[in-house]
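Chemist: Dropping the sequence and predicted coords here.
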Amino acid sequence: QVQLVESGGGLVQAGVSLRLSCAASGRKISGYAMGWFRQAPGKDREFVATINWNGGSTDYTDSVKGRFTISRDNAKNTVYLQMNSLKPEDTAVYYCAAAGRYGTVWTRAPSEYDYWGQGTQVTVSS
């Protein structure tokens with residue numbers, strides 16, 4: 001079992017930056033692909049970013065490309081999401097997830113992720 005705990009969310013103004021962290025426990029996540037997803041009120045959970053086991057390959061949804069960066073520190077069993085130039089439309093609960101069947105490659109599909117955190121709220125005011 002892998003437990004994931006997100007942190008770093010908050011209420012910010014448009015244009016600023018936040019860094020989300022996802023701390024894993026229970027098992028080393030070095031062999032897992034990791035992902036960030038978000039869910040805004042009244043909307044479905046959507047893919048944001050994913051990273052393979054060693055950080056050598058990443059993928060982003062179009063709306064965050066060039067603004068968000070996913071990274072990982074396997075020694076710390078932690079994954080990060082650096083979010084720059086935040087916009088009001090980035091407002092959502094952000095979730096971290098781990099995909100055990102993936103490692104060398106990543107996946108965008110929520111159904112492929114085995115473990116999920118409880119989420120951290122990010123609110124961006126205009």
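Modeler: Structure's in. What do you need? Residues are numbered from 1 along each chain as shown.
Chemist: Please verify my assumption that residue 89 contacts residue 63.
Modeler: Yes. Using CB atoms under 8 Å, residue 89 makes contact with residue 63 at a distance of 7.5 Å. In short, each C-beta sits where N, CA and C put it, glycine included.
Chemist: Geometric centre of the protein: which residue is closest?
Modeler: When CA atoms, centre = their mean is applied to the chain, the residue found nearest the centroid is residue 36 (2.3 Å).
Chemist: pLDDT score for it?
Modeler: The confidence metric pLDDT takes the value 98 at residue 36.
Chemist: Please identify which helix or strand holds it.
Modeler: strand 33-39 (DSSP states H and E).
Chemist: Tell me which helix or strand comes right after that strand.
Modeler: strand 46-51.
Chemist: I'd like to know which elements that next one is packed against.
Modeler: For strand 46-51, the packing partners by 3 or more CB pairs under 8 Å, 6 or more residues apart in numbering; DSSP states H and E come out as strand 33-39, strand 58-60, strand 68-73, strand 78-83.
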